[in-house]
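Peer 1: Need a 3D model of the sequence below.
(2 chains)
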Amino acid sequence: GQQVQQSPASLVLQEGENAELQCNFSTSLNSMQWFYQRPGGSLVSLFYNPSGTKHSGRLTSTTVIKERRSSLHISSSQTTDSGTYLCALEPSGSWQLIFGSGTQLTVMP
Amino acid sequence: NAGVIQTPRHKVTGKGQEATLWCEPISGHSAVFWYRQTIVQGLEFLTYFRNQAPIDDSGMPKERFSAQMPNQSHSTLKIQSTQPQDSAVYLCASSLDSGSDYTFGSGTRLLVI
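Peer 2: Residues are numbered from 1 along each chain as shown, chains lettered A, B, ... in the order given. Now for the predicted structure:
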């Protein structure tokens, strides 16, 4: 079955609201990573997070290995946050990434 | 640092023709990866090299697809006898070591008609 399950598939927010994106995984991992992609754009790395919590501006990533989950929290969303957010698992013993299916975020003004 | 450079940005081929996609990784990065992105399948791993050596090609379709890394400064992905189902965005990435500096190129959008 799928090794990485990402939710929700899509999310619509009003500007200023917070967002919580989730990824659950079913295999042992070296790390979980989060990427951002604009339509037609490349992937931009947001977090490399093997475990624990990391912050970057309005973004927070938390990976809990024991519970096999990782989350991305976006606070005070802005219209420029709109796009696709992807989590990706780096399985133990490999350098490849296994991607979730993505969350399409739309932030309305 | 120009990042990971992929050429061409767009490519249109006729069914049955060959397509070669190019990737120039970030200088000093030891690993180079190829992925494919489609609406239906999402992002799929194809293959990767470490220090120019092929390490894992488990995601590559066994027929028609091949990848090479003849030197540190570029890798190629070749698709022979292209089919419409090969239409996708092909993404190249490089990293310094075990994935902590993953950097993606802008991709090559391949359309097979």
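Peer 1: So which bits of chain A are right by chain B?
Peer 2: Within chain A, the positions adjacent to chain B are A:30-31, A:33, A:35, A:41-45, A:48, A:86, A:88, A:90, A:94-102 by C-beta under 8 Å from any C-beta of the partner chain. Any C-beta I mention is one placed from the backbone N, CA and C, and that applies to glycine too.
Peer 1: switch to 10 Å and redo it
Peer 2: A:4, A:6, A:30-31, A:33, A:35, A:37, A:40-45, A:48, A:50, A:86, A:88, A:90, A:94-102 (C-beta under 10 Å from any C-beta of the partner chain).
Peer 1: wait, what's in contact with the closest residue in space to A:A88 that isn't next to it in sequence?
Peer 2: Residue nearest to A:A88 in three dimensions, not counting chain neighbours: A:L97, with 4.0 Å by C-beta to C-beta, 6 or more residues apart in numbering or on different chains. Counting by C-beta atoms under 10 Å, 6 or more residues apart in numbering or on different chains, A:L97 touches A:4, A:31-33, A:35, A:43, A:86-91, B:33, B:35, B:43, B:45, B:48, B:93, B:95, B:99, B:102.
Peer 1: And for A:R68?
Peer 2: Taking C-beta under 10 Å, 6+ apart, one finds A:23-29, A:32, A:89 in contact with A:R68.
Peer 1: on that earlier part again, give the buried subset of the residues of chain A next to chain B as a PyMOL selection command.
Peer 2: With 16 or more other C-beta atoms under 10 Å in any protein chain shown as the criterion, this PyMOL line picks the buried residues out of these:
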select buried, chain A and resi 4+6+30+31+33+35+37+42+43+45+48+50+86+88+90+94+95+96+97+98+99+100+101+102
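Peer 1: ok, the helix or strand containing A:T84: who's next to it in the sheet?
Peer 2: Using DSSP states H and E, A:T84 sits in strand A:83-91. Its sheet considered, strand A:83-91 pairs with strand A:29-37 (antiparallel), strand A:98-99 (antiparallel), strand A:103-108 (antiparallel) by DSSP bridges.
Peer 1: Nearest to A:S76, out of those?
Peer 2: strand A:103-108 (10.3 Å; C-beta to C-beta).
Peer 1: centre of the chain versus the closest one, how much separation?
Peer 2: 13 Å (C-alpha atoms, centre = their mean, to the nearest Å).
Peer 1: cool, stretch B:24-40 as well?
Peer 2: 6 Å.
Peer 1: Ends of it, what's the gap?
Peer 2: Taking C-alpha to C-alpha, to the nearest Å as the measure, stretch B:24-40 stretches 27 Å from start to finish.
Peer 1: What residues of it count as buried?
Peer 2: For stretch B:24-40, by 16+ other C-beta under 10 Å, it's B:24-26, B:29-37.
Peer 1: Give me the below-cutoff pLDDT ranges for chain B.
Peer 2: Along chain B, segments meeting pLDDT under 70 span B:1, B:98-99.
Peer 1: where does it come near chain A, residue by residue?
Peer 2: B:3-4, B:6, B:30-31, B:33-35, B:37, B:41-48, B:50, B:55-56, B:58-59, B:89, B:91, B:93, B:95, B:97-107, B:109.
Peer 1: The nearest residue to B:F65 once chain neighbours are set aside and A:P8, how far apart?
Peer 2: Excluding its sequence neighbours, the residue lying closest to B:F65 (C-beta to C-beta, 6+ apart) is B:I79, at 5.6 Å. According to C-beta to C-beta, to the nearest Å, B:I79 and A:P8 sit 34 Å apart.
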